[in-house]
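>>> below are the sequence and a predicted model; questions follow.
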Amino acid sequence: MECDSAYVRRCHKVLKALDAPLEGWFCVGVLDHGVDSFTCELCDCKKVRYIHAMRHEHYLADIKVGCICAGVMEGDILAAQERDAEAKRHSQRKSHYLKREWNAVGEGRWRILYKRREIFIWREQFCSRDFFKININGEQYHWKDNRRMGSFLAAQHYVFDLVESEVT
C-alpha cells in the first residue's frame, strides 16, 4: 500500500521540526491504549488506539505514533499495518479470555484450563490485605513488576500475559 505523498511530506515536516531523522526508524512495541483517544505525536490524529513506539539510534526519545505514521517513519506501511492487526488480534484474544468463567475449587481458590494449561489463582492475606498468587502447570507466580497482585483481575491479566508470551 502506498501512502499519499502529501501525508508523507507532512510527517517529514514534523520530523524536521523535531530535528529528527527522516529514515531508519524501527518499532520497539505496540501498546493498546484501550480506547481510540491517544494523539499521534507526528500527525496529531486524536483517534489512535494502537500506539507504535518508534525509535532511532540517532534520536534521543521514542516517538509514539499511529499505524500509518509508523509506516512512514520506517518506510514500510505494510509492516506497520501487520503490527497493528496483530495488536488488534491480541486485544480480542484478551477480551475473550477475560470473559471466561473460572471454577471455584475452594475458599478463595479458582481454576481454569486455558491453552492446554491448568491455571489456579488463589487469594491470601498479608498484614490484613488480600493479594493473589498464580500457578500455571506447577509454576508459581507471586509478584508482577515487584508488586503483589492486589486483585483477581490483576492476576487474570498477568496470567494472560504469561501464557501469551509462552505461545509467541
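Yep, that arrived.
>>> tell me the pLDDT of Asp76.
On pLDDT, Asp76 comes in at 94.
>>> neighbours of it, how many?
14 (other CB atoms under 10 Å). C-beta: built from backbone N, CA, C; applies to glycine.
>>> angles on the backbone of it, please.
As for Asp76, its main-chain torsions (degrees, to the nearest 10) stand at phi -150, psi 90.
>>> give me the distance between it and Asn103.
45 Å (CB to CB, to the nearest Å).
>>> repeat that for Val28.
Plainly put, Val28 is 39 Å away from Asn103 if you go by CB to CB.
>>> next one: Val14
For Val14, the distance to Asn103 equals 52 Å [CB to CB].
>>> higher neighbour count, these two?
Here Val14 and Asn103 are compared on neighbour count by other CB under 10 Å; more neighbours surround Val14, at 17 against 10.
>>> now do the SS call for the more buried one.
Assigned with DSSP: H, G, I helix; E, B strand; the rest coil, Val14 falls in the helix class.
>>> which SS state does the nearest residue to it once chain neighbours are set aside fall under?
Closest residue to Val14 apart from its sequence neighbours, by CB to CB, 6 or more residues apart in numbering: Leu42 at 5.3 Å. With three-state DSSP as the basis, Leu42 sits in coil.
>>> next, count neighbours for Leu162.
As a burial measure, Leu162 scores 16 neighbours (other CB under 10 Å).
>>> that should have said Arg9, apologies.
10.
>>> again with His96
9.
>>> pLDDT score for it?
pLDDT, His96: 95.
>>> packing partners of the helix or strand where it lies?
Using DSSP states H and E, His96 sits within helix 77-98. Counting contacts by 3 or more CB pairs under 8 Å, 6 or more residues apart in numbering; DSSP states H and E, helix 77-98 is packed against strand 26-32, strand 50-55, helix 67-74, helix 152-167.
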